[in-house]
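Peer 1: Build me a model:
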Amino acid sequence: MTEPVLFEVRDGVAVLTLNAPHKRNAIDGALAGALIDACDRIDADLSIGAAVVQGAGGYFCSGGDRDELAAISAAPASDEGIRATQRIYDAFLRFGRVRVPTVAAVRGGAVGAGMNLALAADVRVVAEDARLASGFTRLGVHPGGGHYTLLTRVVTPEAATVLGVLGETVSGLRAVELGLAYEARPDAEVEPRALALAARGGTDPALTRAAIRSLRAEVGPPAIGWPAAVPLEQSAQLWSFARKGSDRWQGSERASD
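Peer 2: Below is the predicted model:
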């Protein structure tokens, strides 16, 4: 059976590869669990000083798995519906709390929960032609996972409105202009550049862990904070799932197209 997340360590840097290219690395329960396990491995290995997350097949992450989202929409207020959405949330929540600086290498696109995962990283390097989209409202779904808190950590409320409420899709180049990413590179240079940035943290893991802990404590997310934003959005998102049922996920337009 193919591993949903590939894990390797290169010179003190953990490289996590979402490994479901046949569905543009959409997050299902198995991938979410594997990503959480990988973060636990990073925290336990004090020789690791930084981490990179990337997607197999030239695409970062297309969001939540469509089959699982359809099942949630069929019974969004059920115990399983709540658990299923929480499994997806837990993947990027855990990645956002890993004890080393993190770099997301975004090629192809990052949509919905995939955008949340990219925003959970400390640094984003994106392909110039990558497509980044909140994607939720274009499918008639309320954003989830503390999406607005994540967005406003890096962009203005105005940009967050255009992206997260009005559903704009932006290129990698535009993402840098908005502050959504640190750097845009030609597609073939994205993952090597992300690894090169992270490698600096791998040379002194103890110092790097202490430095990122201090930076996060001092800067932190604004307003109510990300952990509080997750349950705030969850009830509205489950309500939006219930409005149209599971049919929306069958052959629906991809927000990145």
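
Peer 1: pretty sure Tyr89 is touching Val230, no?
Peer 2: Yes. Between Tyr89 and Val230 a contact is recorded at 5.7 Å, counting by C-beta atoms under 8 Å. Just so you know, the C-beta spots here come from the backbone N, C-alpha and C atoms, and that holds for glycine as well.

Peer 1: Need the overlap of contacts for these two.
Peer 2: Common contacts of Tyr89 and Val230 (C-beta atoms under 8 Å, 6 or more residues apart in numbering): Gly144, Gly145, Gly146.

Peer 1: Rebuild the residues you listed as JSON lines, extending it with neighbour count, secondary structure and distance to Ala133.
Peer 2: Putting those into JSON lines (neighbours: other C-beta atoms under 10 Å; DSSP: H, G, I helix; E, B strand; the rest coil; distance: C-beta to C-beta, whole Å) gives the following:
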{"residue": "Gly144", "neighbour count": "26", "secondary structure": "coil", "distance to Ala133": "15"}
{"residue": "Gly145", "neighbour count": "30", "secondary structure": "coil", "distance to Ala133": "15"}
{"residue": "Gly146", "neighbour count": "28", "secondary structure": "coil", "distance to Ala133": "17"}
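
Peer 1: and these as JSON lines, adding pLDDT and distance to Arg200?
Peer 2: What follows is the shared contacts of Tyr89 and Val230, written out as JSON lines (pLDDT from 0 to 100; distance: C-beta to C-beta, whole Å):
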{"residue": "Gly144", "pLDDT": "91", "distance to Arg200": "34"}
{"residue": "Gly145", "pLDDT": "91", "distance to Arg200": "29"}
{"residue": "Gly146", "pLDDT": "92", "distance to Arg200": "29"}
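
Peer 1: Among those residues, which one lies nearest to Arg185?
Peer 2: Nearest to Arg185, judged by C-beta to C-beta, of those is Gly145 at 26.8 Å.

Peer 1: Pop out the phi and psi values for that closest one.
Peer 2: Dihedral angles of Gly145 (phi, psi; degrees, to the nearest 10) stand at phi 80, psi 20.

Peer 1: so it touches Gly114, yeah?
Peer 2: No. When contacts are counted by C-beta under 8 Å, Gly145 is not listed as touching Gly114 (10.7 Å).

Peer 1: just how off-centre is the helix or strand that contains Pro192 within its chain?
Peer 2: When secondary structure is defined using DSSP states H and E, the element that contains Pro192 is helix 190-202. Remark: helix 190-202 is offset 18 Å from the chain centroid, using C-alpha atoms, centre = their mean, to the nearest Å.

Peer 1: now the helix or strand following it: mean pLDDT?
Peer 2: On the C-terminal side of helix 190-202, the closest following helix or strand by DSSP H and E is helix 205-219. In this model, helix 205-219 carries a mean pLDDT of 88.

Peer 1: After helix 205-219, which helix or strand is next? Please name it.
Peer 2: Helix 205-219 is succeeded, C-terminally, by helix 226-244 (DSSP H and E).

Peer 1: What about Ala160, how many residues nearby?
Peer 2: A count of nearby residues for Ala160, using other C-beta atoms under 10 Å, gives 21.

Peer 1: quick one: it and Ala184, what's the gap?
Peer 2: Applying C-beta to C-beta, to the nearest Å, one obtains 20 Å for the distance of Ala160 from Ala184.
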